[in-house]
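Undergrad: I would like the atomic coordinates for the input below:
(chains A, B, C and D)
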2 protein chains.
Amino acid sequence: MALRYALLAALQEEPATGYELTQRFRTYLAHVWNATHQQIYRELGKLHDEGLVTAETIAQSERPDRKQYRVSEAGETALTQWLATPQPRPATRDPLLVKLFAGDNLDARVMARELAELRQQCEQRLAAYREMERTWFRDPGSVPRRYRLQYLALRRGILGAQSWLAWLDEAEREFPSTDDS
Amino acid sequence: MALRYALLAALQEEPATGYELTQRFRTYLAHVWNATHQQIYRELGKLHDEGLVTAETIAQSERPDRKQYRVSEAGETALTQWLATPQPRPATRDPLLVKLFAGDNLDARVMARELAELRQQCEQRLAAYREMERTWFRDPGSVPRRYRLQYLALRRGILGAQSWLAWLDEAEREFPSTDDS
DNA sequence: TCGATCATGTAACAGGTTACATGATTTT
DNA sequence: AAAATCATGTAACCTGTTACATGATCGA
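TA: Prediction:
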């Protein structure tokens, strides 16, 4: 359900094609809502059928046509209505934690490797978030409200990554790495 | 995919009926993997068809029969194999963060209320986790490995909740609550 | 007497994943 | 010459959600 509203919000910031939206979701929306291009195209189609977005086809020589979408009035109404509805928290479903319930079937070395990879991933993400923080939100007070809210989402990404790193400190004690590389 | 292995792990700890498993998933597995009874029954059926679990029907007078499942050898093999395979991290999909991208369509009072509710939820969970920590893992060093690993999962729940509370401290500054109640 | 608990399921639907498909241009 | 980028989609499948269904017992 939320994907469509994420699309509407993104389009409201600036009209875009499915392709461009896919990129936004991959980059600065990745810590908020994940979606592949298939899902995005499908949902854009539905939104168009329902009149929540309008589409303008821009012919290009030597390239497939681009379909630029923008939010319609009906779309804005729908978005506002959704925003006013409290959303349930997403359920936790983490395969890594599932593994911890398998007891002695779990191989410590395999696990150590998986934790090491997770640590690397967290550190990379954290660095990327910090980079965004530096380039766009150096002085959060002077940023217009719209972007200050996005900064909050980024802060969530940062705090989330840090909290995983803190957990990894604890978890790695249980799975001592043999440190081969 | 991971649900089946969560079930196998849970059954390995102790054979159980679908009903009992549902309860475990609702209580001490909620911070690891969420699943409803419908999903669990469906998956148990498949696991049984595939021979990864065996079922023993226990007739009861005046109550529906209980079907007690236990992991078969094939099931244990499948579990071990899965454990050795690195699992991709779950994707982030958070409707609350999506809302932050809707800019001025977002009503501050509505948002303040949603944040307050989230805070309450986090605090409740944290208290429940702390309670588990106190009752089962007062002295983690003396606990057998199997349960020390489960303690790690609990630690993840605790750190996760704390990190959300830290974020809420920041977020609430952006949505000052009018404090009516 | 009403709701919770015990104990199992079926069915329809919504949402997300994976694979396949096309085809030109630009970069390595 | 190969791979990545631009730009769009279809189709099958798997997983998760929601609604519906049954029926007895036990505690408030």
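
Undergrad: Flag every buried residue along stretch A:125-136.
TA: Neighbour counts using 16 or more other CB atoms under 10 Å in any protein chain shown place A:125-126, A:128-129, A:132-133 of stretch A:125-136 among the buried residues. For every residue, glycine as well, the C-beta is placed using N, CA and C.

Undergrad: ok, so of those residues, who is nearest DNA strand C?
TA: Closest to DNA strand C out of the buried residues of stretch A:125-136 is residue A:125 (17.4 Å), distances taken as CB to the nearest atom of the strand.

Undergrad: check which helix or strand covers the residue in chain A positioned nearest to DNA strand D.
TA: Ranking the residues of chain A by distance to DNA strand D (CB to the nearest atom of the strand) places residue A:19 first, at 2.9 Å. Assigned by DSSP states H and E, residue A:19 belongs to helix A:18-26.

Undergrad: Only the buried residues of that helix, if you could.
TA: Within helix A:18-26, the residues scored as buried using 16+ other CB under 10 Å are A:18, A:20-22, A:24-25.

Undergrad: I'd like the distance between the residue nearest to the spatial centre of chain A and DNA strand C.
TA: The centroid of chain A falls nearest to residue A:30 when counting by CA atoms, centre = their mean (2.2 Å). Plainly put, residue A:30 is 12 Å away from DNA strand C if you go by CB to the nearest atom of the strand, to the nearest Å.

Undergrad: okay, that residue: pLDDT?
TA: Looking at residue A:30, its pLDDT is 96.

Undergrad: For the buried residues of helix A:18-26, give me TSV that also has distance to residue A:118 and pLDDT.
TA: Shown next, in TSV, are these (distance: CB to CB, whole Å; pLDDT from 0 to 100):
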residue	distance to residue A:118	pLDDT
A:18	32	97
A:20	31	97
A:21	29	98
A:22	26	97
A:24	26	97
A:25	22	97
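
Undergrad: of those residues, closest to residue B:56?
TA: Comparing the buried residues of helix A:18-26 against residue B:56 with CB to CB places residue A:25 closest, at 47.9 Å.

Undergrad: about what we covered before: pick out the most distant pair among the buried residues of stretch A:125-136.
TA: The span of these, defined through CB to CB, is set by A:125 and A:133 at 12.4 Å.

Undergrad: how distant is stretch A:64-78 from the center of its chain?
TA: With CA atoms, centre = their mean, to the nearest Å as the basis, stretch A:64-78 stands 21 Å off its chain's centre.

Undergrad: Ok, stretch A:96-107 next?
TA: Centroid displacement of stretch A:96-107 relative to its chain, using CA atoms, centre = their mean, is 28 Å.

Undergrad: do the same with stretch A:50-69
TA: 25 Å.

Undergrad: start to end distance for that stretch?
TA: Its first and final residues considered, stretch A:50-69 spans 13 Å by CA to CA, to the nearest Å.

Undergrad: Can you pull the phi/psi pair for residue A:70?
TA: phi -140, psi 150 (degrees, to the nearest 10).

Undergrad: thought residue A:154 was touching residue A:137?
TA: Yes. Counting by CB atoms under 8 Å, residue A:137 is a contact partner of residue A:154 at 7.1 Å.

Undergrad: And those two? Which one has more around it.
TA: residue A:154 (22 against 18; other CB atoms under 10 Å in any protein chain shown).

Undergrad: List the residues that contact that one.
TA: A:31, A:129, A:132-133, A:137 (CB atoms under 8 Å, 6 or more residues apart in numbering or on different chains).

Undergrad: How far away from the center of its chain is whichever strand or helix holds it?
TA: Under the criterion of DSSP H and E, residue A:154 resides in helix A:145-174. Put simply, helix A:145-174 sits 13 Å off its chain's centre (CA atoms, centre = their mean).

Undergrad: Just the mean pLDDT for that helix, thanks.
TA: Averaging pLDDT along helix A:145-174 yields 97.

Undergrad: Also stretch A:113-128?
TA: Stretch A:113-128 comes out at a mean pLDDT of 96.

Undergrad: Alpha carbons of it, as CSV, please.
TA: Taking Å, rounded to 0.1, in the frame of the first residue of the first chain, the C-alpha atoms of stretch A:113-128 are listed here in CSV:
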residue,chain,number,x,y,z
ARG,A,113,32.0,-14.4,8.0
GLU,A,114,28.4,-13.3,7.7
LEU,A,115,28.8,-10.9,10.6
ALA,A,116,32.0,-9.5,9.0
GLU,A,117,30.1,-8.9,5.8
LEU,A,118,27.3,-7.2,7.6
ARG,A,119,29.8,-5.0,9.4
GLN,A,120,31.3,-3.9,6.2
GLN,A,121,27.8,-3.2,4.7
CYS,A,122,26.8,-1.1,7.7
GLU,A,123,30.0,0.9,7.6
GLN,A,124,29.6,1.6,3.9
ARG,A,125,26.1,2.7,4.4
LEU,A,126,27.0,4.8,7.3
ALA,A,127,29.7,6.5,5.3
ALA,A,128,27.2,7.2,2.5
